[in-house]
Structures are given as C-alpha cells and as structure tokens.
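**Q** need the 3D shape of this:
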Amino acid sequence: MLGAAPGVGKTFAMLEEGRRIAGSGRDVVIAIVETHGRAATSALIEGLELVPRLAVEHQGVALDELDLDAVLTRKPDLALVDELAHTNAPGSAHAKRWQDVEAILDAGIDVISTVNIQHIESLNDVVRQITGVTQRETIPDAVLRAADQVELVDLAPQALRDRLTEGVVYPAARVDAALSNYFRLGNLTALRELALLWLADEVDSALQKYRAEKGIAASWNARERVVVALTGGREGETLLRRGARIASRSSGGELFAVHVTRSDGLAESNPGILAAQRELVETLGGSYHQVVGEQVPRALVEFARSVDATQLVIGVSRRSRLAALLTGAGTSATVIREAGDIDVHIVSHAQAGSRTLPTVGGALSLRRRLMGFALAVAGLPLLTWLLSTIRSEESITSDVLAFQLFVVVVALVGGIWPAVVSALAAGILLDYFFVDPLYTITITEPLHLLALVIFVVVAVLVSIVVDQAARRSRVASRAAAESETLATIAGGVLSGQDALDALVARLCESFGMASVILRSRGAVLYAATDAALASDDDRESSFPIGDHASLALRGPELPASDRRILGAFLSQIAAALVQRELATEAESMRPVAEADRLRTALLAAVGHDLRRPLAAATAAITSLRSSEVTLSPADEAELLAAAEESLDALADLVTKLLDASRLQAGVLGVTLSEVALDETVMGALDELALAPGEVQLELGDVPAVTADPVLLQRAVVNLLANALRFSPPGTSPVVATSSFESRVQLRVIDSGPGIPAERREDVFVAFQRLGDTDNTTGVGLGLALSKGFVEAMGGTLEAEDSPGGGLTMVIELPVIEPVEIHP
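**A** Next up, the predicted model:
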C-alpha cells in the first residue's frame with residue numbers, strides 16, 4: 001500500500017484487504033501494525049490473529065518490534081506488516097523492517113505492507129526540496145519495484161488536512177504545527193503528484209517488461225501520443241494546433257513537439273519562431289524536444305518510437321515539384337516509409353511549395369582567396385619547369401596527375417575562383433609544354449582534348465566541394481557564436497544581473513567595440529569600454545531606441561550579417577528600458593500613495609479615537625475642579641480612575657501612531673540579538689497582567705531566535721490582546737512554539753469567529769478593524785504594527801484558521817546561527 005503522506009489510510013486499507021483475504025479461507029496474521037490510537041483502525045484488527053511483538057530494551061527503554069522468528073514459526077499464508085521503512089531497534093535480527101519482510105518472503109510467506117512516497121530512496125532529495133524535511137528512514141527502490149502489486153491509497157490534499165483538523169491523524173497538540181509545516185496544502189499536492197507519477201512510471205515499466213517477455217514489438221495504443229514535427233518555419237503553429245486536436249480526442253492523450261537539428265550544425269530554422277512555438281506547445285499542454293540527427297526523417301521516426309507515439313504530424317513539403325523531381329524522395333515520403341505502424345498525418349499549410357532561395361556569396365575570406373591566387377601564380381610556372389626537366393613520352397599521365405593535385409591544393413587554400421583559374425591555366429600549360437605538337441595550342445589527338453576537358457571539370461568540381469565545405473563550416477561557427485551570445489544575454493538577465501548593464505557589456509564584448517554608451521534623455525545610463533580594442537580606424541555610429549534613448553557604438557563597422565544580432569540586442573535593451581522606467585515610476589509613487597493613505601487614516605483616527613479619550617479625561621478633570629458640585633471621596637476616586645484610564649489610552653494611541661510613522665518612513669530602530677521565546681512570552685503575559693489560567697501555554701523546547709527583544713515582545717502583546725478580545729467566554733487563547741529546520745514558529749491561537757480567507761490580508765493594514773464598525777477597540781494599528789515589527793526583524797507574520805474554528809497568528813523567525821570556533 002503506497003501513500004503520498006501519513007494519514008491517507010494505508011494501514012486501514014491493508015487491514016481491510018487482510019480481512020477480505022482471510023474471509024476467502026486463507027491463513028492471515030498481523031505481524032505488526034501501528035494504529036496510532038485511531039479507533040477505526042483498531043476496530044479492523046478484531047477477528048485477525050495478532051502475532052505478539054518482540055520486546056527489545058535499548059538504553060533502558062523497552063521497545064516493541066516485529067518478532068521475525070515468531071512469524072516464521074507460525075508460517076501463515078499471508079502476513080500483514082505495517083511501516084515497511086521502519087528502522088528496527090538495535091539488537092534486532094535486521095537493521096530495517098524491509099529486511100525482515102525479505103526474510104518472510106524467502107520463507108514462502110506472502111506479505112502486504114505499507115509505505116509513504118517520501119521513504120523511497122531515489123525520491124529522498126526531491127521530498128526534501130518539497131517539504132524541507134530530510135527522511136532518514138528510506139527503502140531501496142528495488143525493494144518496492146520487486147512487489148507483485150503496488151496499490152496507491154489516494155486522498156485529496158484538502159481532505160487529508162480536514163482529517164488532520166478533526167484529530168483523526170494526530171493528537172490535537174500536534175495539529176497546528178503539522179498543518180503549518182509538513183501538511184501544507186502545497187506540500188501535500190506535490191507529494192500526491194509525486195506518488196501518482198511514480199506509480200504511472202511503474203505501470204509503464206511493467207507494460208514494457210510484459211511486451212519484452214512476450215516479444216511484442218508493435219506499439220500498444222493505450223492512449224494517443226501525438227508527435228508534431230517542427231521545421232522552424234511558420235507552418236509550425238498550424239501543425240501544433242492540429243496535433244493538439246488529435247491528442248484531445250482521447251482521454252489522457254499526450255502531445256510532443258520535436259525539432260530535428262542536423263548534426264553538421266546547419267539549419268534553416270528561425271530561433272525566434274521556434275521559441276514562440278515552444279511557448280505554444282506548453283500552452284497546449286504538450287512538451288518540446290530537440291534532437292540531433294544525420295538524417296532528419298530517421299531521427300524523427302526514432303524519436304516517435306522512443307515515446308511510443310501513435311500519431312505523427314508533419315507538414316507538406318515546401319519544395320517545388322521540380323526540386324522533388326531532381327533530388328528524389330523528400331522528408332515526407334521517407335517518414336511514411338519508415339513509420340511502420342505509426343499513423344502519419346501530412347498537413348497542408350500556406351507555406352507549402354514556397355522556399356526562399358539561398359543567398360550566393362563567398363564562403364572563404366578575401367585573404368584566403370588572395371593566397372590561392374598567389375599560390376597559382378607562383379606554383380604553376382615552378383611545377384611546369386620541374387615537370388619539363390623530366391619529360392618523356394610516357395610521362396604525360398603523371399604530368400596530368402601532378403597538375404590535378406596542384407589544382408586541388410589551390411582549391412583547398414583559396415576556394416573556387418583561384419582553383420578554376422588554376423585549372424584553366426594548367427590545361428593550357430599541359431597542352432603547350434607536354435602534349436604533341438609541343439609549344440603550340442593545337443591538339444592533334446581527340447583523346448588528349450577529352451583528357452584536358454575532364455581535367456578542368458574535375459578541378460572545378462573539387463573547388464565547388466571545398467567552397468561548400470568552407471561555407472558550411474563558417475555558417476555553423478557563426479550560428480554557434482550567435483546562439484552562445486543570445487544564451488549569455490538571457491542567462492545574465494535571468495540570473496539576477498542588472499538587465500541593461502548585462503546587455504551593454506555583452507554587446508561590447510560580442511562585436512569587439514572599443515566603447516558602447518547607452519543614453520536616455522541626454523544622460524548616460526550605462527557605458528562599457530575596452531581600451532585595448534581602440535584604434536584610429538574606429539567608426540562611431542548611433543542607433544535610436546524608442547523615443548528618448550540611443551545607443552552609441554565606437555569600433556569597427558558592423559557587416560550586414562551582424563545587424564540581425566544587433567537588432568536583438570536593441571530590442572532587449574528597449575524592453576529593459578521600458579521595464580526600468582515603469583519600475584522607477586511605480587517605486588516613486590509608492591511612498592506618495594502610502595503617505596497619502598497614512599495621512600487620510602491618521603486624520604480619521606484623530607477625528608474620533610484621539611477625541612474620545614481626550615473628552616473623557618477633560619470631563620473627569622473638569623468635574624473634579626468644579627466648585628458647584630460636592631463630590632464624595634468615592635466619586636472623586638472614580639473620576640480620577642477614569643481620567644487615568646483615558647490618559648493611558650491616549651498615551652498608548654500616540655505610541656502606536658509614532659511607531660506607524662517610523663515604520664512608514666523606514667526609520668524604525670531594530671537591534672537584533674539572541675532571544676529565548678519563552679522569556680518573551682512570559683514578559684508579554686506580565687505586561688498584560690494576565691493570570692496563569694487566562695492563557696494556555698504549550699512552549700516546546702525550541703532554539704533561540706534572532707530578534708529584537710523589545711519589538712518582539714510588543715508584537716506578542718498585540719497578538720495576545722487581539723486573541724483575548726475575540727475569544728469566547730470560558731475559553732482561553734493558546735500560545736505554542738515549535739521549530740522547523742532553521743525557523744522557529746510562535747503561534748497565538750484563539751477560538752473566536754475567525755477571519756474569512758479573503759479578508760486575512762486586510763487585518764494587517766493600518767487603521768483597519770474587522771468590519772470597520774467597532775470604534776471602541778482602538779484605531780486598528782495593533783496587527784499592522786506587529787507585522788511591521790516582525791518583518792523588520794527578518795521574520796513573517798501570517799494568519800491561519802484554527803482547528804475547530806478561530807484564528808491562529810503565526811510568527812516565524814530565523815534560528816540563531818551557531819558560531820564555529822576553529823582552533
């Protein structure tokens with residue numbers, strides 16, 4: 001029985017299954033079970049034989065463990081063993097309970113056991129990232145995968161939290177800490193997904209194993225898996241939407257998008273279009289993949305088979321009929337031939353039959369071509385002289401091969417044009433110096449003429465091949481450089497660097513500029529310089545960015561091929577500038593808006609909450625000073641008490657208003673030190689003059705925290721006063737502490753009316769009262785100040801529901817960092 005978390009009902013399900021099997025006539029015993037005090041689970045034990053536990057003493061403590069020898073001696077048909085990942089007490093037969101289970105299985109006894117997903121060894125680090133808790137009790141994956149059957153006991157996360165709140169899973173004292181730590185809704189949802197995915201992978205593995213054992217090579221269409229081939233063209237959106245519609249026709253259909261990159265590094269795809277199509281894939285609920293292959297059709301089909309695809313969607317060829325006739329079968333025909341039992345959909349689109357012509361241009365640099373011409377001019381006369389010194393009637397063949405080799409060398413050095421010129425010149429030199437009649441251009445033998453023509457054609461073809469290879473090499477190198485540049489830009493921004501600074505610096509580095517200056521509204525925002533690259537031939541150029549900014553470059557003139565990357569830089573800089581201006585404007589308006597809100601609230605508070613205690617104190621003092629009325633000593637004492645109470649309330653209100661203004665202005669003084677929470681709580685109780693029975697204390701053994709002791713106590717006082725105000729008669733607030741990794745929580749729990757989820761953030765806004773109708777309980781600053789105090793100390797203050805109703809205020813603070821002392 002596999003569960004996502006404690007409390008989902010694994011033990012209950014195991015016992016139910018044991019009772020069902022026992023009812024069918026098989027011999028079933030309970031080897032060990034942990035009921036955790038749950039009545040419903042304990043009730044299922046009745047009627048099943050329970051093997052007595054083995055008492056093991058460890059460090060003076062008696063521990064009950066599974067009695068392996070007793071189970072083996074009893075030798076039932078089926079043993080129920082709870083908590084498979086349990087660590088046995090020292091002195092037991094095995095260190096782990098799963099090892100006891102293996103021994104029981106070896107004895108021919110079937111076993112039903114329970115385990116949670118967090119105890120699987122391979123998922124240990126994933127669970128730690130989700131929950132923040134390191135699981136020390138784990139089982140090897142192989143143990144669980146060796147089970148004949150794995151059944152998932154599933155329960156919705158909120159339903160599990162409801163069970164926890166009702167006290168079904170843990171005792172009431174542990175509920176609050178569990179709900180706020182391990183059993184958070186996000187944690188439970190992630191653990192449930194992890195359990196479902198693990199089980200789905202296990203089912204797939206079992207299916208693959210079965211097919212392998214039975215020699216089944218064909219795909220089993222348990223669900224539709226649709227692969228869409230993307231070329232990087234604009235037709236990709238049409239193909240993706242068609243593929244998504246095909247996948248949605250069946251329950252659980254999956255969508256895969258794949259782009260095949262040729263292994264030679266060349267590609268006609270547009271990176272921007274592919275990026276947009278990747279976003280579309282994710283929007284449609286699919287996944288994007290990129291593979292490399294020598295042959296695009298074969299790589300596409302291999303990928304489809306690797307994901308057990310049932311459908312393959314490709315676009316109709318963009319090649320013209322003439323191109324298909326000249327070059328033979330295209331990608332579509334090859335895919336159909338190789339796909340086998342995978343259905344292939346060829347989708348027409350607007351780009352079918354249209355393809356831009358490649359640009360023609362030299363692949364080798366001017367320097368390489370000049371070197372080729374120089375080699376031809378210097379080498380041909382030298383080679384002719386050398387061959388003429390050893391010329392004979394039988395040497396014509398070797399002479400032709402020598403000239404052919406020389407032309408190949410020229411092609412390798414200088415490319416097509418130097419090689420063509422060399423081939424023509426070599427043909428003339430061969431005819432003039434080595435073909436009869438000598439020293440004339442005349443050729444008497446037709447075979448000699450044919451040999452010369454073939455010689456020139458071969459030389460030209462070799463030159464073309466070399467030129468194309470050089471072209472591909474340069475294109476691939478440039479594509480790699482462009483990809484690295486764009487990736488560095490994105491990586492610099494995403495890793496938290498200042499976007500504009502990263503862009504300007506990278507632009508200067510990428511294009512080898514001596515300086516790059518970004519100006520906005522006449523002011524220099526960012527500048528990057530490299531004095532080592534400066535020269536007298538540098539040119540200055542300026543590019544506008546939006547309406548108020550410009551980018552000035554000083555360095556070599558950019559070729560047309562670099563303008564596209566420059567355009568990407570300019571677009572990124574423009575977007576970063578807009579974002580910067582919006583952020584600056586929003587930041588500048590925030591203090592104004594906050595000050596205006598605070599001023600309005602302050603005036604409203606002065607209008608009522610300051611007037612009320614002032615009026616009460618004034619009335620009391622006026623009555624005391626009046627000579628027209630004779631007051632008894634009891635009346636005088638009552639008036640003095642009323643004046644004192646009003647003045648105390650006024651002083652408290654003024655203190656809170658001053659604190660609120662300091663928080664708003666950012667000048668609140670915070671002195672952090674090591675603070676013990678139990679001392680803070682006791683100080684808050686003394687400040688509120690609370691009797692021992694008025695507040696329930698559940699202070700755990702938690703480490704000291706980093707906090708300002710004065711501000712922390714004032715925050716706790718505010719929270720306690722609020723809890724006392726809303727607690728029903730006959731109930732007391734609870735103050736509890738707990739620790740979780742490097743954080744400590746202090747919880748103030750009441751059983752009052754609580755706060756609706758949509759209003760919880762409002763209670764932390766200054767001058768807000770729940771409902772805004774009660775004007776007798778202050779100006780609504782207590783919770784706002786408490787939140788401000790806690791956050792100023794690096795902590796958090798959040799509101800949660802209390803189990804059974806009410807409100808829980810949770811202060812979370814960092815644990816004091818230990819100081820390492822090195823000898």
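
**Q** next secondary structure element downstream of the helix or strand of the chain with the lowest mean pLDDT?
**A** Here the helix or strand of the chain ranked lowest by mean pLDDT, DSSP states H and E is helix 321-327, holding a mean of 44. In the C-terminal direction, the helix or strand that comes right after helix 321-327 (DSSP states H and E) is helix 331-339.

**Q** give me the contacts around the following helix or strand past that following helix.
**A** Per DSSP H and E, the first helix or strand lying C-terminal to helix 331-339 is strand 343-347. Contacts made with strand 343-347 from outside it, assessed by CB atoms under 8 Å, 6 or more residues apart in numbering, are listed as 238-239, 242, 246, 310-316, 332, 335-336. (C-beta placed from N, C-alpha, C; glycine too.)

**Q** now swap in stretch 194-201 and tell me
**A** Counting contacts by CB under 8 Å, 6+ apart, the residues outside stretch 194-201 that touch it are Leu2, Gly3, Ala4, Ile117, Ile120, Leu123, Val126, Val127, Ile130, Val150, Leu152, Asp154.

**Q** now the helices for the stretch 151-300 of the chain?
**A** In chain order, the stretch 151-300 of the chain shows helices spanning 157-165, 172-180, 185-213, 236-248, 271-283, 296-306, with DSSP state H, counting those that start in this stretch as the criterion.

**Q** show me the shaky parts of the stretch 251-400 of the chain.
**A** Filtered on pLDDT under 70, the stretch 251-400 of the chain yields the residue ranges 251-252, 262-270, 318-330, 349-365.

**Q** for the stretch 501-650 of the chain, same thing?
**A** Across the stretch 501-650 of the chain, residues meeting the criterion (pLDDT under 70) sit at 531-534, 560-561, 564, 591-613, 649-650.

**Q** for it, which segments count as helices?
**A** Secondary structure of the stretch 501-650 of the chain (DSSP H, counting those that start in this stretch): helices at 560-605, 611-625, 633-665.

**Q** and if you look at the stretch 651-800 of the chain?
**A** Along the stretch 651-800 of the chain, the segments classed as helices by DSSP H, counting those that start in this stretch run 677-687, 709-726, 782-792.

**Q** right, so of those, which gets closest to Gly806?
**A** helix 709-726 (8.0 Å; CB to CB).

**Q** ok, and the closest non-adjacent residue to Ala552?
**A** Nearest non-adjacent residue to Ala552, counting by CB to CB, 6 or more residues apart in numbering: Ile517, 4.4 Å away.

**Q** isn't the one you found up against Val524?
**A** Yes - using CB atoms under 8 Å, Ile517 and Val524 qualify as a contacting pair, with a distance of 6.0 Å.

**Q** which one of these two has more residues nearby?
**A** Applying other CB atoms under 10 Å to Ile517 and Val524 shows that Ile517 carries more neighbours, namely 20 against 10.

**Q** does the more buried one have beta-bridge partners, and which?
**A** In this entry, Ile517 is beta-bridged to Ala527, Ala552, by DSSP bridges.

**Q** and Glu49, by the same measure?
**A** Val29.

**Q** so it is in contact with Val28, correct?
**A** Yes - under the criterion of CB under 8 Å, Glu49 makes contact with Val28 at 7.5 Å.

**Q** okay, and the common contacts of these two?
**A** When CB under 8 Å, 6+ apart defines a contact, the residues bordering Glu49 and Val28 alike are Pro76.

**Q** okay, the two: which has more neighbours?
**A** With other CB under 10 Å as the criterion, Glu49 and Val28 differ in neighbour count, and Val28 comes out ahead with 23 against 12.

**Q** assign a three-state SS to the residue nearest to that one when sequence neighbours are not counted, would you?
**A** Take Val28 and drop its neighbours on the chain: the residue closest to it by CB to CB, 6+ apart is Ala22, 4.1 Å away. Using DSSP: H, G, I helix; E, B strand; the rest coil as the criterion, the local structure at Ala22 reads helix.

**Q** who are the contact partners of Ala22?
**A** When contacts are taken as CB under 8 Å, 6+ apart, Ala22 is in contact with Val28, Gly47, Leu48.

**Q** surely the first one meets Gly18?
**A** Looking back up the chat, that one is Val28. Yes - with contact taken as CB under 8 Å, Val28 and Gly18 are classed as touching, separated by 5.1 Å.

**Q** which neighbours do the two have in common?
**A** Residues within reach of Val28 and of Gly18 at once, by CB under 8 Å, 6+ apart, are Leu48, Leu78, Leu80.

**Q** correct me, but Val169 touches Val8?
**A** No - checked against CB under 8 Å, the pair Val169 and Val8 is beyond contact range at 9.2 Å.

**Q** of those two, who's got more company?
**A** Of the pair Val169 and Val8, Val8 is the one with more neighbours under other CB under 10 Å, namely 28 against 21.

**Q** separation between that one and Asp536?
**A** If you measure Val8 against Asp536 using CB to CB, to the nearest Å, the figure is 77 Å.

**Q** format the contacts of Ala22 as CSV; extra columns: distance to Ala200 and pLDDT.
**A** Putting the contacts of Ala22 into CSV (distance: CB to CB, whole Å; pLDDT from 0 to 100) gives the following:
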residue, distance to Ala200, pLDDT
Val28, 30, 93
Gly47, 36, 86
Leu48, 33, 89
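
**Q** which one of these sits closest to Gly340?
**A** Distances from Gly340 to the contacts of Ala22, taken by CB to CB, are shortest for Val28, at 49.2 Å.

**Q** show the contacting residues for that closest one.
**A** Per CB under 8 Å, 6+ apart, neighbours of Val28: Gly18, Arg19, Ile21, Ala22, Leu48, Glu49, Pro76, Asp77, Leu78, Ala79, Leu80.

**Q** any stretches of the stretch 1-150 of the chain with poor pLDDT?
**A** Low-confidence segments of the stretch 1-150 of the chain, defined by pLDDT under 70, are located at 58-60.

**Q** could I get the full set of helices for it?
**A** With DSSP H, counting those that start in this stretch as the criterion, the stretch 1-150 of the chain has helices spanning 10-23, 39-43, 68-74, 97-106, 124-131, 141-145.

**Q** redo the ones you listed as a markdown table? Include distance to Val291.
**A** Putting these into a markdown table (distance: least, CB to CB, whole Å) gives the following:
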| stretch | distance to Val291 |
| --- | --- |
| helix 10-23 | 41 |
| helix 39-43 | 51 |
| helix 68-74 | 51 |
| helix 97-106 | 40 |
| helix 124-131 | 27 |
| helix 141-145 | 28 |
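
**Q** what's the local residue count around the closest residue to Leu255 other than its chain neighbours?
**A** Once its chain neighbours are removed from consideration, Leu255 has its nearest residue in Gly286; the separation is 3.1 Å (CB to CB, 6+ apart). A count of nearby residues for Gly286, using other CB under 10 Å, gives 22.
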